[in-house]
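Participant: Turn this into a model:
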Amino acid sequence: ANIEAMGNAITAISKGMTGSFLQTPTASVVNRLVANSPDLTFAERDQVQSYLQAQSTGGYAPASGQIVGILKQMKETMEAD
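Facilitator: Prediction:
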């Protein structure tokens, strides 16, 4: 379920559908995975969480390409475990 959630997040953000994605329960799963991932640096974790929060409030967010890259890396790590 976590790998599927990550895949859904990557697809939604890649398609520029972050706003509608954040309204789903999957967004909560992804946020929790990011918050608890031992594989992310503090900067990566902060960047993803800032992006998700800014998208939900309409504020400034870092480039979605960077976020997708971080999430893809997390997904690959989860698939390898």
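Participant: any idea where the strands of this protein begin and end?
Facilitator: Ranges of strands in the chain, per DSSP state E: none exist.
Participant: Can you give the contact residues for stretch 34-51?
Facilitator: 18, 31, 52, 61-62, 64, 66-67, 70-71, 73-74, 77 (CB atoms under 8 Å, 6 or more residues apart in numbering). (Each C-beta comes from the backbone N, C-alpha and C, glycine too.)
Participant: measure it end to end?
Facilitator: By CA to CA, to the nearest Å, the extent of stretch 34-51 from end to end equals 12 Å.
Participant: Buried residues, it. List them.
Facilitator: Residues of stretch 34-51 classed as buried: 34, 37, 40, 44-45, 47-48, 51 (neighbour count, 16 or more other CB atoms under 10 Å).
Participant: Same check on stretch 5-19?
Facilitator: Quick answer for stretch 5-19 (16+ other CB under 10 Å): 5-6, 8-10, 12-13, 18.
Participant: closest to residue 25 among the contacts of stretch 34-51?
Facilitator: Nearest to residue 25 among the contacts of stretch 34-51: residue 31, at 10.7 Å, using CB to CB.
Participant: Can you get me a residue count around the closest one?
Facilitator: 17 (other CB atoms under 10 Å).
Participant: ok, the closest residue to it other than its chain neighbours - contacts?
Facilitator: Using CB to CB, 6 or more residues apart in numbering and skipping the chain neighbours, the partner closest in space to residue 31 is residue 52 (5.9 Å). Contact analysis of residue 52 by CB under 8 Å, 6+ apart lists 18, 22, 27, 30-31, 34.
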